[in-house]
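Peer 1: pasting a predicted model and its sequence here:
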Amino acid sequence: MKSNNILQEAKQAIEQAQSQSVLEELRVKYLGRKGIVAEFFAQLTKLKGDERARQGQELNALKHEITRALEQRENAMQTLALEKLAEAEALDVTLPGARLPYGHLHITTQAIEEISRIFAQLGFQRMRYPEIDWDYYAFESLNMPKGHPARDEWETFFIAGSQQTLTRPNGHPLPEREGRVRAAEHPKLGRMVLTPHTSNGQVREMERRRPPIRMINIAKCYRRQSDVTHAPMFHQFEGLLIDRNVSVTHLKGTLDYFARAYYGKDRRTRLRPFHFRFTEPSFEIDISCGICGGTGEIHGERCKVCKSGWHELGGAGMVHPNVLKAGGIDPKEYSGFACGWGIERMLMMKLKLSDIRAFYIADLNFLEQF
Ligand code: FA5
């Protein structure tokens, strides 16, 4: 029968429909006002009596069947869409999480933390002193009076005069001792400088507390220098110990402890006579070469890395009596040692780097290696 064929054809098309819009097209095609079923109804008028009634019933059944098929398909499509959504949004708690990219501490910061940790084991407390400081703390209190030629070694940046009230970075005025002066030149403390070394912390620490003193000051330093081994901004480390009966032996023992902890257990240090105005006697500290073991030779040939068996690490000495006096400490009662070196240079030695500027040009290829 004709309506049977139509029903079969409609059901098949509806079953294969993949979207709401195709379903809607089919609904219009079969059940719309000008659709196939409507056309059949229109033809009923041509029939008479029983035949008309019978075909009328058949057409109603056809209409009902197609409507049902459309509804079923629509429901099935909605269920399928929901299932797909649930699948896409499913949370599998056993899967590893997405890793966020993360950075790490700069190589200099890592070294600072390690140095602080090693010295903390010996009871040295980490301190921080200003990186912009008065001439008095950077030079004068360290036995380098104004105009002394020894200052030239430090190739210092001076702060230009200003008419501003000097304040700390947090906006608080500087303490009474440093004066709320209206120029970068203080009547007693002199001009302000970008600290050329961490030794400015020596007298500041002595002013802060009485012996025994065991402190390390690690800070940025600035000098008018720039080449493969000199940076205009670099970091220094300063150790200071003041107590009764402190001798060079304590200095040597402390340096050896550090060398073994930081560079490796078979490393040693040696002290070479030198001259600093703020220590007496003064030394340069050398550390034994890690390649030739301090002999200067490998299989009868000169070590290419150190050429002598030793690398220069930094400066040291017994705190000069004048410096103790500047800090209000009686040199007859107390003595002490101070030592200091450059952190980037130390890293260059440890990692065999040839250009200090690599530290601060923000090259990730370099920085990510550490
Ligand atoms: C001093 O600065 C003394 N204050 C060290 C000291 C402390 C002596 C305590 C005695 C007692 P010197 O100018 O040699 O010394 O510098 C010490 C170290 O700082 C050098 O050995 C080097 O490692 C590092 N250094 C100096 N200038 C630079 C620079 N421009 N760039 C990188 N590192 C530097």
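Peer 2: Received the coordinates, thanks. Residues are numbered from 1 along each chain as shown.

Peer 1: name the residues that touch the host helix or strand of Leu26?
Peer 2: Using DSSP states H and E, Leu26 sits in helix 20-31. Here helix 20-31 makes contact (CB atoms under 8 Å, 6 or more residues apart in numbering) with 6, 10, 13-14, 17, 35-38, 63, 66-67, 70, 73-74, 77. C-beta: built from backbone N, CA, C; applies to glycine.

Peer 1: of the residues you listed, which is the most crowded?
Peer 2: Using other CB atoms under 10 Å as the neighbour criterion, Ile66 leads the contacts of helix 20-31 with 24 neighbours.

Peer 1: that's a helix at that residue, yeah?
Peer 2: Yes - assessed by DSSP: H, G, I helix; E, B strand; the rest coil, Ile66 belongs to a helix.

Peer 1: which residues are in contact with it?
Peer 2: Contacts of Ile66 (CB under 8 Å, 6+ apart): 7, 10-11, 14, 30-31, 37.

Peer 1: now tabulate the residues you listed in CSV and tack on distance to the ligand and secondary structure.
Peer 2: Formatted as CSV, the contacts of Ile66 follow (distance: CB to the nearest ligand atom, whole Å; DSSP: H, G, I helix; E, B strand; the rest coil):
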residue, distance to the ligand, secondary structure
Leu7, 92, helix
Ala10, 88, helix
Lys11, 87, helix
Ile14, 82, helix
Tyr30, 88, helix
Leu31, 88, helix
Val37, 93, helix
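
Peer 1: got JSON lines for those residues, with pLDDT too?
Peer 2: Shown next, in JSON lines, are the contacts of Ile66 (pLDDT from 0 to 100):
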{"residue": "Leu7", "pLDDT": "90"}
{"residue": "Ala10", "pLDDT": "92"}
{"residue": "Lys11", "pLDDT": "93"}
{"residue": "Ile14", "pLDDT": "93"}
{"residue": "Tyr30", "pLDDT": "93"}
{"residue": "Leu31", "pLDDT": "92"}
{"residue": "Val37", "pLDDT": "91"}
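
Peer 1: count the neighbours of Glu83 for me.
Peer 2: Count around Glu83 with other CB under 10 Å applied: 10.

Peer 1: separation between the spatially most central residue of the chain and the ligand?
Peer 2: Taking CA atoms, centre = their mean, the centroid of the chain lies closest to Leu105, which sits 3.8 Å from it. Per CB to the nearest ligand atom, to the nearest Å, Leu105 is found 20 Å from the ligand.

Peer 1: excluding its backbone neighbours, what's nearest that residue?
Peer 2: Residue nearest to Leu105 in three dimensions, not counting chain neighbours: Glu113, with 7.4 Å by CB to CB, 6 or more residues apart in numbering.

Peer 1: and the one you found, how far from His106?
Peer 2: Going from Glu113 to His106 by CB to CB, to the nearest Å gives 11 Å.

Peer 1: what residues does the protein have near the ligand?
Peer 2: Counting by CB under 6 Å from any ligand atom, the chain comes close to the ligand at 197, 199, 223, 225, 230-231, 234, 236, 238, 276, 279, 314-317, 338-342, 344-345, 356.

Peer 1: quick one: the strands in the stretch 251-370 of the chain?
Peer 2: Secondary structure of the stretch 251-370 of the chain by DSSP state E, counting those that start in this stretch: the strands cover 269-276, 279-288, 297-298, 301-302, 310-319, 335-342.

Peer 1: other SSEs contacting the first one?
Peer 2: Counting by 3 or more CB pairs under 8 Å, 6 or more residues apart in numbering; DSSP states H and E, the packing neighbours recorded for strand 269-276 are helix 248-263, strand 279-288, strand 310-319.

Peer 1: may I have the strands that pair with that strand, each with its orientation?
Peer 2: According to DSSP bridges, strand 269-276 forms sheet pairs with strand 279-288 (antiparallel).

Peer 1: buried ones in the strand it pairs with, by neighbour count?
Peer 2: Burial within strand 279-288, assessed by neighbour count using 16 or more other CB atoms under 10 Å, is assigned to 279, 282-288.

Peer 1: could you dump these to CSV with distance to Ala81?
Peer 2: Converted to CSV, the buried residues of strand 279-288 look like this (distance: CB to CB, whole Å):
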residue, distance to Ala81
Thr279, 82
Ser282, 83
Phe283, 81
Glu284, 79
Ile285, 76
Asp286, 77
Ile287, 72
Ser288, 75
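
Peer 1: between the residues you listed, which is nearest Lys332?
Peer 2: For those, the residue nearest Lys332 by CB to CB is Thr279; the value is 17.8 Å.

Peer 1: domain ranges for this structure, per the record?
Peer 2: 3-79, 107-130+195-367 (automatic domain parsing).

Peer 1: chain center to the shortest one: distance?
Peer 2: To tie it back to what came earlier, the one meant is domain 3-79. Centre-to-centre, domain 3-79 and its host chain are 71 Å apart (CA atoms, centre = their mean, to the nearest Å).

Peer 1: end to end, how far does that domain reach?
Peer 2: Domain 3-79 has its terminal residues 30 Å apart, counting by CA to CA, to the nearest Å.

Peer 1: show me the contacts for Tyr136.
Peer 2: Neighbour list for Tyr136: 186, 188-190 [criterion: CB under 8 Å, 6+ apart].

Peer 1: coming back round to it: any idea which of the contacts of helix 20-31 is the one closest to the ligand?
Peer 2: The closest of the contacts of helix 20-31 to the ligand turns out to be Met77 (CB to the nearest ligand atom; 72.6 Å).

Peer 1: okay, now the nearest residue to the closest one once chain neighbours are set aside: neighbour count?
Peer 2: Closest residue in space to Met77, ignoring its immediate chain neighbours: Gln20 at 7.0 Å, by CB to CB, 6+ apart. Other residues within reach of Gln20, judged by other CB under 10 Å, total 13.

Peer 1: fine by me, we can end here.
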